[in-house]
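A.B. asks: Quick one, fold the following:
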Amino acid sequence: MKFVLKNLFRRKLRTLFSVLGVGVGVSIMVALFSISDDLISQISVAFETQRGDLTVVQATAEELESDVPMTYVETLLAIEGVKTVSPTIAALLRTERDFDDRPAILYYGITENNPIVAHMEMLEGERPSDADPTGVVFGWKAYEVLKSKMGDKVPKVGAELNFMDIVTSDGFKEVFGKPDNWEEMTDYGRKMWALMRLTRELGVHPDAIKEESPESFEKRTGKKAPPVRPNNMMGMPMDDDQYAKWLKANHNYDYDPADPMKSYQMRLQLRTRGICRTGIMLQDASVFFPLGIAQLIKGKHQRTETVKQRVDGKLKEVQVEVQPSCTALFITVDDTGLNKEQREALVVKVRDEINNKVDALRAIKSADILQRHKEVEFFEKFGMVISLIAALAGAIGILNTMTLTVYERTREIGLLLAVGWSRMRVLSNVMLEGLALSILGGLAGVAFGYLEVQAARSWFGLDGLSGDLNITRSLHALALAFGIGFLATLYPAIRAALMTPIEALRHE
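C.D. replies: Numbers count the residues shown, from 1 in each chain. Purely as a prediction, here's the structure:
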C-alpha cells in the first residue's frame, strides 16, 4: 500500500485533479439527494402527521378546488371509530409579484383541533384558538416577508392586523400591483382601488372587504349605528371625508374614521395572534386564519345571494341561501387501546364506509396522498439522472488518469515484471491506485456536498432545509465512487498486467 500511495503523491497535480473529478460528481449526488430527500421528507411528514388519518374532499375535485359543505362534519362524526373531524381551507391569494418565492400567498383556514396546530412551535404569541375568531398566526417565513415589506409598521403580536394597511403599504405595492397614478390618488382612492383589485383579480370574495352591518356596529359598540355609507354622484361609495360631512349635515353625527367607537369597521377584523414554526417550508411561508375568516376570504361563508333562475319559463332574480363550506375535512380515528395493525384496519374501515355511503365525498388515507403526485417521482428520477451524469464524468477522469499513468510507467512496469513481480501483483497495484483515487474523491465529494447544501440554505433562502448530512445518501455516494474506481481502473490495470517485460523495457 505504501508503494501505491508513493506513486499517487509522486504526481500531486494529476492526483488532485483526479480526486476533484470524482469529488464533483459525488458532491452533486450528495447535495441533490440531500435536498430532494429533505423536501420530500417534509412533504411526507406534512401529509402523514398534519392531516390526520384521512383527508376527505369533494368527490369530483382536487383539494384546492374542492368544496365540502360543513353539514358533513356531523355526518362523519357519527361514523363509528371517528374521533375528530377538522374542517380546513387551503387556498392561494394571487399576487402581481413574488411573495417570498412564488406569485401567491398560501393561506389556511383552521380550527384549534386541526392536526397542523399540534405541530406548531410558537416562536411568539399563542396557537390558534376557536375562542379567538379574529386571531391570525403567521408562519415565521411569511412574517419575515411581511416585516421586510412593512418595516416598523408590521403588525406586532397582539396588535390589530388591518388587511388594507398591508395591501396598500409601500412595500406591498409591487406585490399586489398598483396603477400608474397611484401617487396622485387619495388614501381612500387607493383603498377603493386595492379593494376592487383584490376582489376582481386576486381571488378575495367581495363580502370580505365590506364594512360591518349596522347590527354588528351596535353589538360591538353598544351605540346606535349611523346610517350606512351612501354612494356619491359617481355611483361610488363616499370617501371618509364626504361621508363625515354628509352625516354631520344630515344626521348631526360626528363620524371619526380613526375612532372605532364612532365609525364602521371592516367586516374582516383581524389580530396578529402569533408566529410559528412547523418545520415544513411551505407552511412556514403561509398564513393561518381562523376557519371563519378564511371562509369569508375564499367565499365559503354562509350568505344570501341573488341569482337568476328560470321560473315559469322566465328568468327571475331569486334569493338563494349559500351554506358554509371548506376545501377538506381531516379525520382522526379513535385509536384508544388499539395496536398498530388494529388502528390501520380501523382507518381503512372508516375510509371505505365514507366512500361507500357518502357519494359526494372521497376519503383518502393522508399517508397515501403523496403517492398520487407523480411530480415527486419525477423529481427523484431527475436527481438520479443528473447524479449519474456527474458520476460518469468522474469515471472518465479516472479512466484517463490511470491510462496515462500506465502508459508513462510502461518501462517501470516492465522492470518490475523483470525482477520477479507477478502479473497479479502488477494488476492489484494499479487497481489499488485507482480505488484510492476514487475513495479520496468520494470523501472529498461528501464534504463538498455538505457545503453545497449549506450554501443553498444561506444563498438561496432555503432556510427550511434541515442542513444535516444525509448519511444514507453519503454511503450510497461512497459506494458509487468505489464502483467508479473499480470499473475505470479495470482496463488500464489489465493492460499493464498483460505487458511482457521485453516490450515494456523497449518502450520510449
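A.B. asks: give me the element Gly274 is part of.
C.D. replies: Taking DSSP states H and E as the criterion, the element that holds Gly274 is strand 271-277.
A.B. asks: what about the helix or strand just after that strand, average pLDDT?
C.D. replies: Heading C-terminal from strand 271-277, the first helix or strand you meet, by DSSP H and E, is helix 281-284. Along helix 281-284, the predicted local confidence has a mean pLDDT of 83.
A.B. asks: wait, isn't Gln323 in contact with Thr71?
C.D. replies: Yes - under the criterion of CB atoms under 8 Å, Gln323 makes contact with Thr71 at 6.6 Å. The way it works is simple: take the backbone N, C-alpha and C, and place the C-beta from them, glycine included.
A.B. asks: and Ile110, backbone torsions?
C.D. replies: Here the main-chain torsion angles of Ile110 (degrees, to the nearest 10) amount to phi -140, psi 160.
A.B. asks: Does it touch Thr88 like I think?
C.D. replies: Yes - when contacts are counted by CB under 8 Å, Ile110 is listed as touching Thr88 (5.8 Å).
A.B. asks: can you list residues touching both of those two?
C.D. replies: The contact sets of Ile110 and Thr88 overlap at Leu291 (CB atoms under 8 Å, 6 or more residues apart in numbering).
A.B. asks: what pLDDT does Arg271 get?
C.D. replies: The pLDDT attached to Arg271 in the predicted structure is 90.
A.B. asks: Could you pull out the helices in the stretch 51-200 of the chain for me?
C.D. replies: Listed in chain order, the helices found in the stretch 51-200 of the chain under DSSP state H, counting those that start in this stretch are 72-77, 115-118, 140-150, 163-167, 173-176, 187-200.
A.B. asks: Just put the ones you listed in CSV and tack on mean pLDDT.
C.D. replies: As requested, the helices of the stretch 51-200 of the chain are arranged in CSV below (pLDDT from 0 to 100):
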stretch, mean pLDDT
helix 72-77, 94
helix 115-118, 90
helix 140-150, 86
helix 163-167, 71
helix 173-176, 68
helix 187-200, 76
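A.B. asks: Quick check: phi and psi on the nearest residue to Met261 once chain neighbours are set aside?
C.D. replies: By the measure of CB to CB, 6 or more residues apart in numbering, the closest residue to Met261 outside its immediate chain neighbours is Thr221, 5.3 Å from it. Geometry field for Thr221 lists phi and psi as phi -100, psi -20, criterion degrees, to the nearest 10.
A.B. asks: What is the burial count for Thr221?
C.D. replies: A count of neighbours around Thr221, defined by other CB atoms under 10 Å, yields 14.
A.B. asks: what does Val56 give?
C.D. replies: Other residues within reach of Val56, judged by other CB under 10 Å, total 28.
A.B. asks: For it, give me the pLDDT.
C.D. replies: According to the per-residue confidence, Val56 scores 93 in pLDDT.
A.B. asks: Is the closest residue to it other than its chain neighbours bridged to anything, and to what?
C.D. replies: Leaving aside its sequence neighbours, Val56 sits nearest to Leu329 (CB to CB, 6+ apart; 4.2 Å). With DSSP bridges as the criterion, Leu329 is bridged to Val56, Pro87.
A.B. asks: Relative to Val322, how far out is Leu329?
C.D. replies: 19 Å (CB to CB, to the nearest Å).
A.B. asks: More neighbours: those two, which one.
C.D. replies: For Leu329 and Val322, the more surrounded residue by other CB under 10 Å is Leu329, and the numbers stand at 25 against 14.
A.B. asks: Now do the same contact list for the more buried one.
C.D. replies: Under the criterion of CB under 8 Å, 6+ apart, the contact list for Leu329 reads Thr55, Val56, Val57, Val68, Tyr72, Val73, Leu76, Val85, Ser86, Pro87, Thr88, Leu361.
A.B. asks: surely the second one meets Ser66?
C.D. replies: No - at 9.0 Å, Val56 and Ser66 do not qualify as touching, with contact defined as CB under 8 Å.
A.B. asks: Who are the contact partners of Ile110?
C.D. replies: For Ile110, counting by CB under 8 Å, 6+ apart, the contacting residues are Ser86, Thr88, Ile89, Ile116, Val117, Pro128, Phe288, Phe289, Pro290, Leu291, Ala294.
A.B. asks: any weak-confidence spans in the stretch 1-150 of the chain?
C.D. replies: Applying pLDDT under 70 to the stretch 1-150 of the chain picks out residues 1-11, 14, 39-49, 96-98, 100-102.
A.B. asks: Please, where are all the strands along it?
C.D. replies: 54-58, 68-69, 82-99, 102-110, 121-125, 135-139 (DSSP state E, counting those that start in this stretch).
A.B. asks: Return the most buried member of these.
C.D. replies: Using mean count of other CB atoms under 10 Å, the stretch among the strands of the stretch 1-150 of the chain with the greatest mean number of neighbours is strand 135-139 (a mean of 26).
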